[in-house]
Every structure is written in C-alpha cells, then in structure tokens.
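Novice: just to be clear, the model below is a prediction. Sequence and coordinates:
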There are 2 protein chains.
Amino acid sequence: MRYAPAIARLLEELERLPGVGPKSAQRIAYYLLRTDEESAARLSDAITDVKQTIRFCSRCFNFAEDELCHICADSERDVSMICVVEEPRDVVAIERTGEFRGLYHVLEGAISPIDGIGPEQLRVRELIDRVGAGGIEEVVVATNPNVEGETTALYIARLVQPLGVKVTRIASGLPVGGDLEYADEVTLGRALEARREM
Amino acid sequence: MRYAPAIARLLEELERLPGVGPKSAQRIAYYLLRTDEESAARLSDAITDVKQTIRFCSRCFNFAEDELCHICADSERDVSMICVVEEPRDVVAIERTGEFRGLYHVLEGAISPIDGIGPEQLRVRELIDRVGAGGIEEVVVATNPNVEGETTALYIARLVQPLGVKVTRIASGLPVGGDLEYADEVTLGRALEARREM
C-alpha cells in the first residue's frame, strides 16, 4: 500500500479533472491535507453548492440560477441580436469586452466528425427555433476560429440565412498589440484579406 | 454580474489550489458543472473524507490513518535505518524504488532563511529525539539536491554525527537514461566527483 485509501481516492477524483495530471493531483492533495479543515470544507461545499444551484438557461443554454440566465432575464438587452458561441466561457469572454448588448445562444460544443459530434449533439435545433420565432435581425456567429468552429459557423449560416436573417462572423486577424513578425501565416493571410479602408 | 455567485465562489476556492490559475479554475469549474451530480459529489466527498481520516504519524510525520503510519506500523521494516525527507510525497517516491526497507522521518520542509524557515519550523528536534533514543545505525538524508535541501542535510549531519550514528546522503549524478550532452555542468561535475570504480 503506497497511499492510504482516502488519499488514493482523492487523487483518483482529482486526476479526473481537466488539466490535472498525477503530479498536480498530488500537489493539490498535499495542499488539502496540510491546509486547515475550514478551507478544505469551503472547496468541498462550493462543489456541492454549484451543482445544486446552477442549471442551464432554458432559452440560451448558458449557465443559469433560474429558468433564464441573467442575460436572457435582463430587459435592457437587445433581443434582436443573438451571438452564437460554443461554451458558457465564451459568453463570459464576450461580456468582458462590453461590445455586445444582444442575447446569446450556447451550442454546447462544435461540429467535430472525428469526435462523433454532429449538429444533433449541439443546440442547433433550438437556435433555429429561436430565429424562426421571429424578431431576430442578426445572428453573430462567434464559434472559435478553428476547423470545428468554422465548420459549425458555415453550417449555421446555411440554416439561418434562408430565414431572412443576417448572419455575421467575428473577424479573424492579428491580435491587438501583436507583432507582424510573430504572426502565423494563416492569421496574417486572414488579416490581409479582411483589410479595411482607413 | 459576470458569474453566478455559486460559480464565482467555486472559482475562488479552486484558484487557491497550488498550480491552479484563473484559466484552469475555469476549465475545472465548467467540467464540474457539466459532469453528472454523482461525479461532482465523489470529489467533494473525497475532500471531506481525506480531512477526516488522515492525520500525521506521531513518530515520522508521514500521513497516517492511525497513530502510526503504515510504514512505522509495519513490523517487517528495518528499524535501525531512518531516511530523512522533506515531504510525504518524497516517502512515496522512495517507496516506489523498492530500495529502502527502513523507516522515514518527514521534516515538513527544508531550511530556507529567505522564506523564514529555520530548523525550529521543521521536525528536526523530533528526529534528534528518535536518534537519541538509540537503536539507530544509519540516517540517510534524502532532502532535495538543491540549496535548501543541501543546507538542511548539512545541518542534520552536524547534529546527528556527534550521537555516534552514521549519516549518509543520497547520491547526485546523471539521471539514468540521461545524455551527457544535455546534462547541466553542476550535475555533470557532481557525477564526475562521485565516480566509482567499476
């Protein structure tokens, strides 16, 4: 026996977490063993609590504490625009810019045939229903600028455009503060292609 | 409000863990939110459980489920040898080699004046008491081969040698399977210095 059963069990549970390998699981476990009872209880309670209080918004599938998330429930938002994202974390990222005042739609992933994820595994049907219900003027597709995200964006555009709604895609280009010299050629190519008159 | 309070609280608790920054806390929190109730409960329970069942061995300060850890309680171990390590994880590392059949002594750190850690913050007094009680033939100092570990090793050697007990230090040298070309000069120097006749 190398580890006491309680430690072995904690290590096993920690290693299930994304980005936590055996080494970091050990560091975290040792930290928890050394820390005071109260700090460990706070983490354990926070985990239990988040599972009890957080659910998915019935409209946009963002995390929510009630039937609707705080964005869908906010009467100040522009209900004529929907920004489509892959994950709730993307909602947080876009909210942080302060540039978007519309509503969101969380797909819960992106189309990825390799991983067996097709449109039916995502919240695409629900998006089309929302757009079909009327009142939407623009759908901003903000899926990630990678293969899966672009595939998903094209798929959504093909479904939404026939409904007479404008579909836009977030711009790809050089990161602000970035350096031309260090940009990869695909990004630089996109930046050139999407050049705007000054 | 960017995060629901329950999510914000979980993120805050996760970010306290060693090696977990804001990005990984977010990944872990989202994983926990997406996973089934049961998996989240298993992690939360494992944390509570480990704090309730694990304490420190009253003899060697390794983690223990009882008064003594499983190594100190094992009658098959060679009680005439004590291997001194900094942390319980070092016990696990040495046990994994299968090369040591004696007992351990966990210092709970290393001497580091910069961090304000002196011998009185460590379990040095308790080590001297164990050696002073007799029956010990050799103390193997397996603190880390860095500045703090070497300082600690020298300090311990100076206290234990006058008690008439042999003090040894684990060898420094090239890692097995390593490449001379890529070894740093200090390690290579040590490896040369500690060369043995074949």
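Specialist: That came through fine.

Novice: A:Val79 belongs to a helix, doesn't it?
Specialist: No - under the criterion used here (DSSP: H, G, I helix; E, B strand; the rest coil), A:Val79 is strand, not part of a helix.

Novice: check what pLDDT the most centrally placed residue in chain A gets.
Specialist: By C-alpha atoms, centre = their mean, chain A has its centre lying nearest to A:Glu87, at 1.9 Å. On pLDDT, A:Glu87 comes in at 90.

Novice: contacts only, for the residue lying closest to it once chain neighbours are set aside.
Specialist: Once flanking residues are discounted, A:Glu87 sits nearest to A:Val106: 6.6 Å by C-beta to C-beta, 6 or more residues apart in numbering or on different chains. Just so you know, the C-beta spots here come from the backbone N, C-alpha and C atoms, and that holds for glycine as well. By C-beta atoms under 8 Å, 6 or more residues apart in numbering or on different chains, the contact set of A:Val106 is A:57, A:60-62, A:85-88, A:90-91, A:123.

Novice: so how far is A:Pro162 from A:Glu150?
Specialist: 20 Å (C-beta to C-beta, to the nearest Å).

Novice: out of the two, which sits in the more crowded spot?
Specialist: A:Glu150 (17 against 7; other C-beta atoms under 10 Å in any protein chain shown).

Novice: pop out the phi and psi values for the more buried one.
Specialist: Geometry field for A:Glu150 lists phi and psi as phi -70, psi -40, criterion degrees, to the nearest 10.

Novice: nearest residue to it in space, please, no chain neighbours.
Specialist: A:Thr143 (7.5 Å).

Novice: quick one: pLDDT of that neighbour?
Specialist: At A:Thr143, pLDDT is 90.

Novice: cool, A:Ala183 as well?
Specialist: So A:Ala183 comes in at 73 (pLDDT).

Novice: isn't it right up against A:Leu174?
Specialist: Yes - at 5.5 Å, A:Ala183 counts as touching A:Leu174 under the criterion of C-beta atoms under 8 Å.

Novice: overlap in contacts, those two.
Specialist: Common neighbours of A:Ala183 and A:Leu174 (C-beta under 8 Å, 6+ apart) are A:Ala191.

Novice: and A:Glu13, what does it touch?
Specialist: Counting by C-beta under 8 Å, 6+ apart, A:Glu13 has contacts B:42-43, B:46.

Novice: helix, strand or coil for it?
Specialist: Quick answer, by three-state DSSP: A:Glu13 is helix.

Novice: my guess is A:Lys166 contacts A:Ile136. True?
Specialist: No - A:Lys166 is not in contact with A:Ile136 according to C-beta under 8 Å; the separation is 9.2 Å.

Novice: which one of the two has more residues nearby?
Specialist: Shown here are A:Lys166 and A:Ile136; by other C-beta under 10 Å, A:Ile136 has more neighbours (21 against 12).

Novice: quick revisit: how much space between the residue nearest to A:Glu150 and chain B?
Specialist: 17 Å (C-beta to the nearest C-beta, to the nearest Å).

Novice: A helix includes that residue, no?
Specialist: No - if the criterion is three-state DSSP, then A:Thr143 is coil and not within a helix.

Novice: by mean pLDDT, flag the weakest helix or strand of chain A.
Specialist: When each helix and strand of chain A is scored by mean pLDDT, DSSP states H and E, helix A:185-193 comes last, with a mean of 76.

Novice: quick one: buried residues of it?
Specialist: A:188, A:190-191 (16 or more other C-beta atoms under 10 Å in any protein chain shown).

Novice: stretch A:52-67 vs chain B: in contact?
Specialist: Yes - applying C-beta under 8 Å from any C-beta of the partner chain, one finds stretch A:52-67 touching chain B at A:52-54, A:63-65.

Novice: just the buried residues out of those, in ChimeraX syntax.
Specialist: Restricted to buried positions by 16+ other C-beta under 10 Å, the ChimeraX selection for the residues of stretch A:52-67 next to chain B reads:
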select /A:53,54,63,64,65
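
Novice: ok, the residues of stretch A:52-67 next to chain B vs A:Ala6, which is closest?
Specialist: A:Ala6 lies nearest to A:Gln52 out of the residues of stretch A:52-67 next to chain B, by C-beta to C-beta, at 24.3 Å.

Novice: how about that closest one: what's its closest non-neighbour residue?
Specialist: Nearest to A:Gln52 is B:Ala6, by C-beta to C-beta, 6+ apart, at 7.9 Å.

Novice: which parts of chain A are helices?
Specialist: Under the criterion DSSP state H, chain A contains helices at A:5-15, A:22-34, A:37-53, A:88-97, A:124-132, A:147-160, A:185-193.

Novice: what is the burial count for A:Thr119?
Specialist: No Thr there; residue A:119 is Pro. 17.

Novice: that should have said A:Gly116, apologies.
Specialist: A:Gly116 has 7 nearby residues by other C-beta under 10 Å.

Novice: and it, what pLDDT?
Specialist: 93.

Novice: now A:Ala73
Specialist: At A:Ala73, pLDDT is 95.

Novice: check the gap between it and A:Ala142 for me.
Specialist: 21 Å.

Novice: of the two, which one has the most company?
Specialist: A:Ala142 (22 against 14).

Novice: residues contacting that one?
Specialist: A:83-85, A:90, A:94, A:170.

Novice: now these as JSON lines including distance to chain B?
Specialist: Listed next are those as JSON lines, based on distance: C-beta to the nearest C-beta, whole Å:
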{"residue": "A:Cys83", "distance to chain B": "15"}
{"residue": "A:Val84", "distance to chain B": "18"}
{"residue": "A:Val85", "distance to chain B": "13"}
{"residue": "A:Asp90", "distance to chain B": "11"}
{"residue": "A:Ile94", "distance to chain B": "11"}
{"residue": "A:Ile170", "distance to chain B": "20"}
